[in-house]
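Q: Below are the sequence and a predicted model for it; my questions follow.
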Amino acid sequence: MTMTFPGGSRDPKIRNNAAATFEAAQQAGIKQQEVTADTEKWESRAEVFEYTSAANPTLNPISVYVHPPELHEVGPTRVIPFDLSDTLPTPYPATGPNLMSSFVRIDVGDSIDTTASATSQAFYVIRGSGTTKTDEGVIDWSEGDLFVLPASKTGTTVHSAVDGGAFGGAALYWVTDEPLLKYLGVSATEKRFEPTMFRREMMLNSVQDLADEKGAAGEELNRLGVLLGNEACPDTKTLTHVLWSLLNSIGPGIVQRAHRHNSIALDMAVYAKPGVYTMMGQALDENGEIVDPIRVDWVTGGVFVTPPGWWHAHYNESDETAWVLPMQDAGLYTYQRTLDIRFVDDEVANLKNGRIRGAAYEVTNKQYTNISCMLQKQLSDENAN
């Protein structure tokens, strides 16, 4: 088949325009050889791909990884990066494509600088108490507090520990969006929000108020958590314009059914007794159960990666309430309208009605056909009765 394209390279108008371009270049004192050499260099960088085979390029997958608490429970004052750059891969430190997370251990009486070229930095206090000095001022913090910092002139903060808790040193969970800026080749030059502090008492009281409100209304207390917002992000209701976080609790004997989202989650287990875990996997069966799930046990003070797009469900088989604080790049996804958070029961209901909502739901045509046939038979049996 011969393809035609208006204004193609054989069009005499194009040839005449090229000749006129060279003539104009000569008049401007530019040699034709220079134009040809530069043009050929630019042309040599161009690549084309067949659409259907290249629309979903093969990238290194983001998998399940764990950053255990033992790393910050012992040792000297230091930053302990959760660096997965070798697996992504990236030429700079990264936990995920957009985010970098680390533990910061600070022995009592010590100080340490942390520096990031980032639009957003979040610090959650795992243990201990102390102070942080920034370009915006000095604050105090203690266990369970969370604070976020915007872009600054230096990007450097100085943390000092006053109390180290049971392990002789304070510990912070530090997350930034520096990898996103590295990927784009840009620097943070504008402050998009003001420094913000979330005190432990405020967050816990908010969860308790929610529990009281739901309990009084007779509502199920399966998902009991609060999104952490910022006055600078009223539309997205997120921690910053890039970062998203949730203080989530799961009561004894509770199962939080599967859900998924397009953002990566770097989950901090704030508190959990043995028997609390997450099951996660890439697909669901027709009953809404995760196929070939991977189990990750929650360990107090540890962090684990929930890959983007994976279905995950939380289980508490202990006798105490467990708490988790995920950090995600979902502020960015929410703004782009691509977060696409979905809950399994809604998706199963859609399938039973013969619908698949959008393209993010991973189900093959064969699976859909089998499910549709099964549902048609079920409807026929019901009508026959």
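A: Thanks, I have the structure now.
Q: my read is residue 351 is in a helix, agree?
A: Yes - applying DSSP: H, G, I helix; E, B strand; the rest coil, one finds residue 351 inside a helix.
Q: Can you give me the distance of it to residue 342?
A: Note on residue 351: its distance to residue 342, by Cβ to Cβ, to the nearest Å, is 12 Å. To be clear about C-beta, it is placed using only N, CA and C from the backbone, and glycine gets the same treatment.
Q: Tell me which of these two has more neighbours.
A: residue 351 (22 against 19; other Cβ atoms under 10 Å).
Q: if I look at that one, how far off is residue 156?
A: When residue 351 is compared with residue 156 (using Cβ to Cβ), they lie 51 Å apart.
Q: Check residue 272 too.
A: From residue 272 across to residue 156, the span is 33 Å (Cβ to Cβ).
Q: Now residue 323: which helix or strand?
A: strand 322-328 (DSSP states H and E).
Q: Counting neighbours, which bits of that strand end up buried?
A: 322-328 (16 or more other Cβ atoms under 10 Å).
Q: repeat for stretch 325-341
A: Under 16+ other Cβ under 10 Å, the buried positions of stretch 325-341 are 325-334, 339-340.
Q: if we can go back for a sec, distance between the next helix or strand after the strand holding residue 323 and the chain's centre?
A: Sequence-wise, the next helix or strand downstream of strand 322-328 (DSSP H and E) is helix 330-335. Relative to its chain's centre, helix 330-335 lies at 9 Å (Cα atoms, centre = their mean, to the nearest Å).
Q: can you list contacts of helix 330-335?
A: Contacting residues not belonging to helix 330-335 are listed as 98, 120, 177, 180, 233, 235-244, 261-263, 339-340 [Cβ atoms under 8 Å, 6 or more residues apart in numbering].
Q: at 7 Å instead, please
A: Residues outside helix 330-335 that contact it (Cβ atoms under 7 Å, 6 or more residues apart in numbering): 98, 233, 236, 238-244, 261-263, 339.
Q: In helices, which of the residues you listed appear?
A: Judged by DSSP state H, helices contain none of the contacts of helix 330-335.
Q: Same list, the buried residues of stretch 325-341, but as TSV with distance to residue 268 and pLDDT please.
A: TSV is the format used below for the buried residues of stretch 325-341 (distance: Cβ to Cβ, whole Å; pLDDT from 0 to 100):
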residue	distance to residue 268	pLDDT
325	4	98
326	7	98
327	7	98
328	12	98
329	15	98
330	15	97
331	17	97
332	20	97
333	19	96
334	20	96
339	20	95
340	23	93
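Q: Serialize those residues to JSON lines and add fields for distance to residue 60.
A: JSON lines is the format used below for the buried residues of stretch 325-341 (distance: Cβ to Cβ, whole Å):
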{"residue": "325", "distance to residue 60": "27"}
{"residue": "326", "distance to residue 60": "22"}
{"residue": "327", "distance to residue 60": "21"}
{"residue": "328", "distance to residue 60": "20"}
{"residue": "329", "distance to residue 60": "17"}
{"residue": "330", "distance to residue 60": "21"}
{"residue": "331", "distance to residue 60": "24"}
{"residue": "332", "distance to residue 60": "21"}
{"residue": "333", "distance to residue 60": "20"}
{"residue": "334", "distance to residue 60": "25"}
{"residue": "339", "distance to residue 60": "22"}
{"residue": "340", "distance to residue 60": "22"}
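Q: Can you show me the strands along the stretch 251-385 of the chain?
A: 255-260, 265-271, 276-281, 294-297, 303-306, 311-316, 322-328, 342-343 (DSSP state E, counting those that start in this stretch).
Q: Oh, that last question was meant for the stretch 101-250 of the chain, not what I typed.
A: Under DSSP E, counting those that start in this stretch, the stretch 101-250 of the chain gives strands at 111-115, 120-127, 129-134, 137-142, 146-150, 156-163, 169-176, 196-198, 224-227, 244-250.
Q: Take those and write them to a markdown table, including mean neighbour count and mean pLDDT.
A: As requested, the strands of the stretch 101-250 of the chain are arranged in a markdown table below (neighbours: other Cβ atoms under 10 Å; pLDDT from 0 to 100):
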| stretch | mean neighbour count | mean pLDDT |
| --- | --- | --- |
| strand 111-115 | 15 | 97 |
| strand 120-127 | 25 | 98 |
| strand 129-134 | 18 | 98 |
| strand 137-142 | 14 | 97 |
| strand 146-150 | 23 | 98 |
| strand 156-163 | 18 | 96 |
| strand 169-176 | 26 | 98 |
| strand 196-198 | 18 | 98 |
| strand 224-227 | 18 | 94 |
| strand 244-250 | 23 | 97 |
